[in-house]
Structures are given as C-alpha cells and as structure tokens.
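# model the structure of this input:
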Amino acid sequence: MKKDIHPDYHPVVFRDVSGEFAFLTRSTATPSKTVVWEDGNTYPVVDIEISSATHPFYTGQSRVVDTAGRVEKFRQRYGDRGSKGAEKKAAPEPPAPEASDSGEA
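Numbers count the residues shown, from 1 in each chain. Modelled structure (predicted):
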C-alpha cells in the first residue's frame, strides 16, 4: 500500500434522525459534529435520513418522506410547464361561407 495517498479511516457514529437508531462503524467521513457514544468516548457523528431501522422495505410500513420539500423545489424550478402543454387547444372554427354577388336581387 502506498503511503500518504489514502484518506483517514476512523470510527464514526451514523445516527438516524427520524428514529432512535445509531451505530458505530469505521468510515472516511469527517463530519464536524460529535457525540458521546455508549462507551464514553466522543466520536464524530453523521446524521442520516433513512436507515435500516426506518426504511419502508425493512419495516414493512410505508410512509411519505419529504424532508427538503422536493415537490415544492421542483415546482419552483420548473413551474407549471407540464400542465400548460398538456391542455388541448380548441380547434379554430372554419370561416363562414361568403355570400356571392351573382347579380340576382
């Protein structure tokens, strides 16, 4: 293994913010927040939105997760472009037949 080219590999706590679940593992992530773990040591902590404790596939419960307002963010970015194009425009009416001047009166 070459020296000085690999990132620092250290213990990190990953904490599920939507559930009461956290686990200690090793990672190259270097977050700025720390937490005191069950063993009394202080470790950097990475907050995650979904883990195996709260994921619908593993829990069997379905739920809606809209943490950053994804739908609103999409609408702000793209507006209502899709709904305007989907509306059908009414077909223009054919012009009325013109009266002919054949000299009969």
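
# shaky segments in this protein?
Scanning the chain for pLDDT under 70 picks out 55-68, 82-105.

# would you tell me which helix is longest in it?
Longest among the helix segments of the chain by residue count, using DSSP state H, is helix 70-78.

# which residues touch it?
Under the contact criterion C-beta atoms under 8 Å, 6 or more residues apart in numbering, helix 70-78 has no outside partners. All C-beta atoms are positioned from the backbone trio N, CA, C, and that covers glycine.

# tell me where the protein has strands.
Shown for the chain, the strands assigned by DSSP state E span residues 10-16, 21-27, 34-36, 42-48.

# kindly export the last one (C-alpha atoms) in CSV.
The C-alpha atoms that make up strand 42-48 are tabulated as CSV, following Å, rounded to 0.1, in the frame of the first residue of the first chain:
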residue,chain,number,x,y,z
THR,A,42,-16.5,11.1,21.8
TYR,A,43,-16.9,10.3,18.1
PRO,A,44,-17.8,12.3,15.0
VAL,A,45,-21.5,11.8,14.0
VAL,A,46,-23.1,11.7,10.6
ASP,A,47,-26.9,12.3,10.6
ILE,A,48,-28.8,10.3,8.0
